[in-house]
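>>> Test case, fold it:
(chains A and B)
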Number of protein chains: 2
Amino acid sequence: MTTLRLSQIGELFLINHIRQQFKKKSKDVIVGIGDDAAVIKPADKDLLVTTDMMVEGVHFNPTFITPYQLGFKIVSVNVSDIYAMGGRPEYLLLNIAVNKDTTMTFVDRLFDGVKSAMNLYNIILIGGDLSSTNIMTLSATLIGYAKKCITRSGASIGDKIYITGNLGDSACGLELLKRIKRHVPIEKSSPPHPPLTKGGHRGVIRLRTLNSKLSEFGLSWKVVGPLLRKHLMPEARDSKRFIQHATAMIDISDGLLIDLSRLCDESKVGARIYIEDIPLSSKLKKTASYLGISPIKLALSGGEDYELLFTAPPDKKAKAICIGEIIKSDRVIIDRTGKETTFTPEGFQHFGIQR
Amino acid sequence: MTTLRLSQIGELFLINHIRQQFKKKSKDVIVGIGDDAAVIKPADKDLLVTTDMMVEGVHFNPTFITPYQLGFKIVSVNVSDIYAMGGRPEYLLLNIAVNKDTTMTFVDRLFDGVKSAMNLYNIILIGGDLSSTNIMTLSATLIGYAKKCITRSGASIGDKIYITGNLGDSACGLELLKRIKRHVPIEKSSPPHPPLTKGGHRGVIRLRTLNSKLSEFGLSWKVVGPLLRKHLMPEARDSKRFIQHATAMIDISDGLLIDLSRLCDESKVGARIYIEDIPLSSKLKKTASYLGISPIKLALSGGEDYELLFTAPPDKKAKAICIGEIIKSDRVIIDRTGKETTFTPEGFQHFGIQR
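Next up, the predicted model:
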């Protein structure tokens, strides 16, 4: 069964196979997978809808990411968008186009990853579409609700700028993967150090082999594991704990400078950020140093950290890391010596910043 | 500008370019394109959500279909799913992955087609995603509302089976396109005979050339135009006028026998259909005869007509074409001599049916 390829199984069988696994109903889902459209009971809250695509060769490399990790990630990146609006994710639709020679094992692993993320975020799969193609393409739509939406456009001069966690880890994880060039055994959300017997589908590097490879760079699994996890299986940050204070919000998917610029564009304001306040993990600093990459560059311009960036009035104490403040129109980075440098979405004009 | 390729323009510019065109707001759309998620005001109706993908080489051939037609069609196929649930379509999200060498003209034409369909169905674009790829992939999600949903599972023994229009035209149109192997000038929904000056992007066959090509088969534009239109720019059928009677409903996207089988599966019933009651257009009969294809085979197993198939109690007079009735468990076709033949989703076991 599991070695069967999709071309031998057919679309109808596959849809039924998936439908069986996602039978879980909610009292609010009137019609789930399997009709012309899903039907959901009315709710007296604002409806949030987001959609994101992941295309092989553009957003992911199947040599680096396992189907499980990919399934997890496509859900997470969409959840991150709902959290970034101050909402709760609820209902998922998933369109998957894969090569007809794809095995059932691959598809099952992909859906295992989707399921794992669905459990983490407490969401339900209500629909989707399947197709063959030669370039794997995933497209997810996520529906959520919010009582109070936080857009990108609400930041005011004087607001503090916050982020929810370390930046640069994901981009550093990607740099590592480009060197490892194999699947790595990160599939369960806990414990962080996965047992060697897990994973096991073709292409996953053994931890022993990986560790010996890493030791060539002076690194170890303990150091790089969390960076790889941040890239392969990012977990979206829930905005619940600071939503009452946030005036504007965005998730950092394309990099701090790009996403902060977007927030500034929409709010028609500027921003001043302090380089020494941007949180870098010790693991990032150690790994980037071994790889010969600037950790601050990864933190400012690397994407896919899926941390939230938000603004809040200066008199509110938001439970997050303050990295700067909203100003009238300039967009500047302050280094530890107090020197100001203008930044643009593409980066900052001067890379010789001291930290 | 228009000859620029996407690789020269960049994603950010393109998103802004699209956003400008789709600024049209509805009082119910709190946040449209351009934030992490769209936000819609609550409505006291059941929420309908459907999603459909169209993949180059699987669902369409860019040699046969213009970007305008493709944009129109991806919207129509999703609208058809909402109508098939008895709903009203409202909000569209569109994910587009195209080659980075695609020109702005191509993208603009695609969105012109999307806009044309949006106007026809009175829907609003609220979000989407863009990516590069080497295999063009469109993925749309459509949100609608319904006061009363019609699923596939409500058909009862004795119910009459109805369809909303001719079957087979779309499949016949596709067969023609496989022979014409060019874009054909069908881009506006009216008049049906488009002026020669319209269209005009590379690859569209001139009507004069097409007519002389068609006359080789004894055909003319007047005969084949509507078949080509049904395939390239199908218009979804609104279920409003018979929704009060419908007990079960599905749209005919994969073919009458497949979709009727799905309705029977979900309703746990059988069906008896009368071959001579299935409406075939004179244009289909004429064209299929010239092409040497069985028109009834196209009507029973050809896909993409996007007519609605529904059931209604025998005492109700539904404004549609009755083609049979729901029975306990058998699935049979009756030919004009009264002979019964069992059918399966894949087709019917005996193709020698008299008509």
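>>> and the helix or strand containing A:Asn95, C-alpha only, in CSV?
Assigned by DSSP states H and E, A:Asn95 belongs to strand A:88-98. What follows is strand A:88-98, C-alpha atoms only, in CSV (Å, rounded to 0.1, in the frame of the first residue of the first chain):
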residue,chain,number,x,y,z
ARG,A,88,-7.7,32.6,16.5
PRO,A,89,-7.2,30.2,13.6
GLU,A,90,-10.1,27.7,13.1
TYR,A,91,-10.5,26.1,9.6
LEU,A,92,-8.0,25.0,7.1
LEU,A,93,-8.3,24.3,3.3
LEU,A,94,-5.3,22.6,1.6
ASN,A,95,-4.6,22.3,-2.1
ILE,A,96,-1.8,19.9,-2.9
ALA,A,97,-0.2,19.4,-6.3
VAL,A,98,2.4,16.6,-6.5
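>>> residues contacting A:Lys115?
Contacts for A:Lys115 (CB atoms under 8 Å, 6 or more residues apart in numbering or on different chains) come out as A:21-22, A:71. C-beta here means a position set from N, CA and C on the backbone, and glycine is covered the same way.
>>> In helices only, show me those.
Using DSSP state H, the subset of the contacts of A:Lys115 located in helices is A:21, A:71.
>>> The strand holding A:Asn95 packs against which elements?
Where contact means 3 or more CB pairs under 8 Å, 6 or more residues apart in numbering or on different chains; DSSP states H and E, strand A:88-98 is packed against strand A:38-40, helix A:67-83, helix A:104-121, strand A:124-132, strand A:137-146, strand B:46-55, strand B:137-146.
>>> Go through the ones you listed and name the closest to B:Leu92.
In terms of CB to CB, the element of the helices and strands packed on strand A:88-98 nearest to B:Leu92 is strand B:137-146, at 5.5 Å.
>>> got the residue ranges for the helices in chain A?
Ranges of helices within chain A are A:6-9, A:11-21, A:67-83, A:104-121, A:169-180, A:207-216, A:221-232, A:256-267, A:282-291, A:295-301, based on DSSP H.
>>> Tell me which of those helices sits most buried.
helix A:67-83 (a mean of 27; mean count of other CB atoms under 10 Å in any protein chain shown).
>>> Now do that one and strand A:46-55, the angle between them.
150 degrees (axes from the mean of the first three to the mean of the last three CA atoms, to 10 degrees).
>>> Helix A:67-83 to strand A:137-146, inter-axis angle?
Helix A:67-83 runs at 40 degrees relative to strand A:137-146, counting by the same axes, to 10 degrees.
>>> quick check: angle from helix A:67-83 to strand A:124-132?
130 degrees.
>>> Give the rounded mean pLDDT of helix A:67-83.
What helix A:67-83 shows for mean pLDDT is 97.
>>> returning to what we had before: can you convert the contacts of A:Lys115 into TSV and add a column each for distance to B:Glu325?
Listed next are the contacts of A:Lys115 as TSV, based on distance: CB to CB, whole Å:
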residue	distance to B:Glu325
A:Gln21	35
A:Phe22	34
A:Gly71	44
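>>> Now for A:Ile33: which residues touch it?
Residues near A:Ile33 by CB under 8 Å, 6+ apart: A:15, A:18-19, A:22, A:125-128.
>>> Let me know the pLDDT of it.
pLDDT, A:Ile33: 90.
>>> Distance of the residue nearest to it when sequence neighbours are not counted relative to B:Ser281?
Distance criterion CB to CB, 6 or more residues apart in numbering or on different chains; nearest residue to A:Ile33, sequence neighbours excluded, is A:Arg19 at 4.9 Å. Relative to B:Ser281, A:Arg19 is positioned 36 Å away (CB to CB, to the nearest Å).
>>> where does the stretch 101-250 of chain A dip in pLDDT?
Low-confidence segments of the stretch 101-250 of chain A (pLDDT under 70): A:188-203.
>>> Near chain B, which residues of it? Just list them.
Within the stretch 101-250 of chain A, the residues that sit near chain B (CB under 8 Å from any CB of the partner chain) are A:126-129, A:131-135, A:137, A:139, A:141-144, A:146, A:149, A:151-153, A:249-250.
>>> repeat that for 10 Å
Residues of the stretch 101-250 of chain A lying close to chain B (CB under 10 Å from any CB of the partner chain) are A:126-146, A:149-153, A:248-250.
>>> Pull out the buried residues from the residues you listed.
Buried members of these, counted by 16 or more other CB atoms under 10 Å in any protein chain shown: A:126-146, A:149-153, A:248-250.
>>> Number of residues surrounding the closest residue in space to A:Ile273 that isn't next to it in sequence?
Using CB to CB, 6+ apart and skipping the chain neighbours, the partner closest in space to A:Ile273 is A:Gly324 (3.5 Å). Other residues near A:Gly324 come to 22 when the count uses other CB atoms under 10 Å in any protein chain shown.
>>> Quick check: A:Gly324 touching A:Asp277?
Yes - the pair A:Gly324 / A:Asp277 is scored as a contact, 6.9 Å apart, by CB atoms under 10 Å.
>>> which residues do the two both contact?
Shared contacts of A:Gly324 and A:Asp277, defined by CB atoms under 10 Å, 6 or more residues apart in numbering or on different chains, comprise A:161, A:163, A:334.
>>> just the residues you listed now: which is nearest B:Asp46?
B:Asp46 lies nearest to A:Ile163 out of the shared contacts of A:Gly324 and A:Asp277, by CB to CB, at 38.9 Å.
>>> hey, what's that closest one bridged with?
On the basis of DSSP bridges, A:Ile163 is bridged to A:Leu309, A:Ile321.
>>> What pLDDT is listed against A:Arg355?
With respect to pLDDT, A:Arg355 scores 44.
>>> Next: A:Gly347.
Here, the pLDDT recorded for A:Gly347 equals 68.
>>> Of the shared contacts of A:Gly324 and A:Asp277, which is the nearest to chain B?
Nearest to chain B among the shared contacts of A:Gly324 and A:Asp277 is A:Ile163, at 15.1 Å by CB to the nearest CB.
>>> what about the closest one, neighbour count?
26.
>>> show me the contacts for A:Val49.
By CB under 10 Å, 6+ apart, A:Val49 lies in contact with A:81-82, A:85, A:87, A:91, A:93, A:141-144, B:31, B:37-40, B:49, B:91, B:93, B:126-127, B:141, B:143.
>>> What separation do you get for the closest residue to it other than its chain neighbours and A:Thr141?
Leaving aside its chain neighbours, A:Val49 sits nearest to B:Ala38 (4.8 Å; criterion: CB to CB, 6+ apart). Using CB to CB, B:Ala38 is found at 11 Å from A:Thr141.
>>> between those two, what contacts are shared?
Residues touching both B:Ala38 and A:Thr141 (CB under 10 Å, 6+ apart) are A:49-51, B:93, B:127-128, B:143.
>>> Bridged to A:Thr341, which residues?
A:Ile333.
>>> Might one say that it is in contact with A:Leu257?
No - between A:Thr341 and A:Leu257 there is no contact under CB under 10 Å: 11.3 Å.
>>> just for the stretch 251-355 of chain A, where's the confidence low?
A:347-355.
>>> Quick one: name the residues of it near chain B.
By CB under 10 Å from any CB, the residues of the stretch 251-355 of chain A that approach chain B are A:251, A:253-254, A:258-259, A:261-262, A:265-266, A:308, A:345-346.
>>> hmm, which two among those are most spread apart?
Of all pairs in these, the most separated under CB to CB is A:Leu308 and A:Glu346 at 22.2 Å.
>>> who's more crowded, those two?
With neighbours defined as other CB under 10 Å, A:Leu308 and A:Glu346 compare such that A:Leu308 has more, 27 against 12.
>>> Tell me who's in contact with that one.
A:80, A:83-84, A:86, A:150, A:162-165, A:236-239, A:242, A:246, A:249-252, A:259, A:320, B:36.
>>> how does it look with 6 Å?
A:84, A:164, A:237, A:239, A:251 (CB atoms under 6 Å, 6 or more residues apart in numbering or on different chains).
>>> Could I get the phi/psi values of the residue nearest to the last one when sequence neighbours are not counted?
Counting by CB to CB, 6+ apart, the nearest residue to A:Asp251 once its immediate chain neighbours are dropped is A:Ala84, at 4.0 Å. A:Ala84 has phi and psi values of phi -70, psi -10 when expressed as degrees, to the nearest 10.
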